[in-house]
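Visitor: from the sequence below, what's the structure:
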Amino acid sequence: MYRLTLLRLIAFVWLTLGFAPARAEAPVHTRLDVALDQVRAMVAASPDAWGLSVTVTDREKTLMIATHGYADIDRRMPVTAETRFAIGSISKSFAAIALMQMADEGQFDPDAPIERYLPDFHPRSAFPPITGRSLLTHSSGLPNYLTDVASMRYLVAALDKIEPGYAPGDHFWYSNSGYQLLGYVAEHIDGLPYPLILQRRVLDRLGMTATSPQIDQRLRAAMPKSYVRAADGSRQEAPWFPYLAADGGIVSTAADMSRYARMLLARGATPNGRLISAAAFDRFATPVLADYGYGIEVLDHGWVLAHSGSIAGFQAYLNADLGHGFAVIFLANGPIDKMLRDRIIARLTKAAGGEPREAAKSPPPFAEPASFAGKFACGDGGGLTFEAVGPDDLALRQGGALLPLTRLARNIWAAYLTPRGPRAFVFFRDGSGTVTDVSEGVANCAKAAPAQPAPKAWRALAGRYMAHGEEGPGLRIFARHRQLMMAYADSNAPPIPLIEDGPGHFRFAEPDWAPERLVFDTVIGGRAQRLTLSGVPLYRIDLP
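Guide: Residues are numbered from 1 along each chain as shown. Reported below is the predicted structural model:
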């Protein structure tokens, strides 16, 4: 009897002091001092001029806040520990936490049709109803982002016109639109504006006193300027705009985000009681599709919760290692170097006794202009000849003259004022990095052999399309290997092959269930003047 009582006492002390399996509860801060010094050095050595804040916390307190760079580059105003950054899509997990509170209260059922909470939302669909769960896990079949109505309640009506292409829960397709709907669900349940719901249910209870639940005019002077790296590699100041929706409207500080991270490390518990129940947190942190739970990525077999964020030039990243008991938060008013981010996380993970994940690879460098030079044969019997002009420039040979080109992106060059109008040349490379072919409009020209001409009907579609407004997007449409292609005009991301669904109607070729749709219409002068991307209207503009 005495031995049994002693064993029970030892077990009680073991669990009370956190001595669970070695991975789960071993103290972290005693083994992180050297690693924290190395992280500070890595942050200080960042080559970027914009601001970066890196915060490390354990389950009890903030261990480190390291800052680098400027809140305003031109005025040389440094970033500090108190600088307020927009956190973008990390806001999604806040929305999920608030809704799981409502689930604990019996007000929200993730498995119920979403129309129960949004009576004005009734999308056309041959499939079972969209549920809260499918919205929380990005598996609803709705498109990603309707930029023209983002953060506006009209989104509810706009999505009514978009028919999902698969049953909820069948596939993962990241959808900001879905999370905006979830904010309106929360409003219907609580009878309050979503930012106020977030303030009362999450921010106030965590003591996040320097955090705002929305981006508004009051904050503009208090926030740093933000910056983007354009497709040509240059630095540009990003536009500012207000934002209130649940998919990305939070502005926070290093210290406040560490408070949020500690709640995650404690699986929903706080010093003042649970924010959500243990059962609700388990559902929140259980992956459904593509390692994604409710507003959060779930990695390393459930030991790590992570999410990135990006809005209006601001970038952020949250990595909460529940197993080793530490979290690291990155906040920036410009692009975050993914290699630096992953090196910092790996160093901290190793110090905590874990196995670091593979770090992101650096993007390929911009190739020298000479690598684009050469003769290309086109399917219509014509050809293109490009010549390097010095170490930095490329030109198109036209008879005895050279037409200077401007670099727009890693593999895109352009000419603006020409007798043929704006001209954009999109180059492609093989696995060894050698240029193999180039597309101009619907003409695809290759070095090895003439490429087959694209359908003549596509001539009306090729060109540059833009949406007015701070968020764009801008698209470039062209053909390659008899396939119509779409590329984001402000990005170095690979072009997306399209498949025709009918006259003027296209969808993504891969994955074939992607919900995004392109519709061309309004032909004037032989060219389509409007391209509607999943409900967002874009208009032809005479730029390359």
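Visitor: now the helices: where do they sit in this structure?
Guide: Here the chain has its helices, by DSSP state H, at 2-16, 22-25, 33-44, 91-104, 132-136, 155-160, 176-190, 194-198, 204-206, 217-220, 254-265, 278-284, 338-351.
Visitor: which other helices and strands does the fourth one contact?
Guide: Okay, so that is helix 91-104. If you count contacts as 3 or more Cβ pairs under 8 Å, 6 or more residues apart in numbering; DSSP states H and E, helix 91-104 packs onto helix 132-136, helix 176-190, helix 194-198, helix 278-284, strand 304-311. C-beta coordinates here come from the backbone N, C-alpha and C atoms, glycine included.
Visitor: and those: which comes nearest residue 291?
Guide: For residue 291, the closest of the helices and strands packed on helix 91-104 is strand 304-311, at 9.3 Å, according to Cβ to Cβ.
Visitor: give me the pLDDT value at residue 2.
Guide: pLDDT for residue 2: 35.
Visitor: sorry, slip of the keys, the one I care about is residue 29.
Guide: Model confidence at residue 29, given as pLDDT, is 55.
Visitor: ok, residue 294 next?
Guide: Taking residue 294 on its own, its pLDDT is 98.
Visitor: surely it is in contact with residue 138?
Guide: No. Using Cβ atoms under 8 Å as the test, residue 294 is too far from residue 138 to be in contact (10.1 Å).
Visitor: the more surrounded of these two?
Guide: Relative neighbour count places residue 294 above the other of residue 294 and residue 138, with 28 against 23, counting by other Cβ atoms under 10 Å.
Visitor: and that one, its phi and psi?
Guide: Here the main-chain torsion angles of residue 294 (degrees, to the nearest 10) amount to phi -100, psi 90.
Visitor: winner for burial among the helices and strands packed on helix 91-104?
Guide: helix 132-136 (a mean of 25; mean count of other Cβ atoms under 10 Å).
Visitor: what distance do you get for the closest residue to residue 268 other than its chain neighbours to residue 322?
Guide: Using Cβ to Cβ, 6 or more residues apart in numbering and skipping the chain neighbours, the partner closest in space to residue 268 is residue 281 (3.6 Å). Distance of residue 281 to residue 322, given as Cβ to Cβ, to the nearest Å: 10 Å.
Visitor: same question for residue 400.
Guide: The gap separating residue 400 from residue 322 is 68 Å, by Cβ to Cβ.
Visitor: who has more neighbours out of those two?
Guide: Neighbour totals were compared for residue 400 and residue 322, and residue 322 leads with 21 against 5 (other Cβ under 10 Å).
Visitor: is it true that that one touches residue 300?
Guide: No. Assessed by Cβ under 8 Å, residue 322 is found out of contact with residue 300, at 9.2 Å.
Visitor: how many residues are close by residue 509?
Guide: Here the number of neighbours of residue 509 (other Cβ under 10 Å) works out to 14.
Visitor: any regions of the chain where pLDDT drops low?
Guide: 1-31 (pLDDT under 70).
Visitor: got the domain ranges for it?
Guide: Following automatic domain parsing, one finds the domains of the chain at 20-351, 369-540.
Visitor: ok so, going back, can you add distance to residue 445 and give the helices of the chain back as TSV?
Guide: Output for those, formatted as TSV (distance: least, Cβ to Cβ, whole Å):
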stretch	distance to residue 445
helix 2-16	69
helix 22-25	57
helix 33-44	45
helix 91-104	44
helix 132-136	45
helix 155-160	40
helix 176-190	38
helix 194-198	51
helix 204-206	58
helix 217-220	48
helix 254-265	50
helix 278-284	52
helix 338-351	34
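Visitor: nearest to residue 122, out of these?
Guide: If we rank the helices of the chain by Cβ to Cβ, the stretch that ends up nearest is helix 155-160, at 6.2 Å.
Visitor: OK, contacts around residue 341?
Guide: Residue 341 makes contact with 317, 330, 360 under the criterion Cβ atoms under 8 Å, 6 or more residues apart in numbering.
Visitor: distance of it relative to residue 44?
Guide: Using Cβ to Cβ, residue 341 is found at 15 Å from residue 44.
Visitor: in the sheet, who's paired with residue 270?
Guide: Residue 270 forms beta bridges with residue 273, as assigned by DSSP bridges.
Visitor: give the contact list for it.
Guide: For residue 270, the contact set (Cβ under 8 Å, 6+ apart) comprises 205, 206, 262, 263.
Visitor: out of those, who has the most neighbours?
Guide: residue 263 (24 neighbours).
Visitor: thinking again about what came up before, now the common contact residues for residue 281 and residue 322.
Guide: Taking Cβ under 8 Å, 6+ apart as the criterion, residue 281 and residue 322 both touch residue 267.
Visitor: right, and the residue nearest to residue 268 touches residue 266 too?
Guide: No. Proximity of residue 281 to residue 266 does not meet the contact threshold set by Cβ under 8 Å, at 9.1 Å.
Visitor: before we move on, back to that, is it possible to get CSV of the helices and strands packed on helix 91-104 that adds distance to residue 414?
Guide: Below are the helices and strands packed on helix 91-104 laid out as CSV (distance: least, Cβ to Cβ, whole Å):
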stretch, distance to residue 414
helix 132-136, 40
helix 176-190, 30
helix 194-198, 42
helix 278-284, 47
strand 304-311, 26
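Visitor: which stretch among the ones you listed comes nearest residue 442?
Guide: helix 176-190 (31.6 Å).
Visitor: what number of residues lie near residue 515?
Guide: 21.
Visitor: same check, this time on residue 289
Guide: Residue 289 is flanked by 15 other residues according to other Cβ under 10 Å.
Visitor: who does it bridge with?
Guide: residue 292.
Visitor: give me whichever of the domains of the chain is most buried.
Guide: Most buried among those, counting by mean count of other Cβ under 10 Å: domain 20-351, with a mean of 20.
Visitor: chain center to that domain: distance?
Guide: Centroid displacement of domain 20-351 relative to its chain, using Cα atoms, centre = their mean, to the nearest Å, is 11 Å.
Visitor: with that, I have no additional questions.
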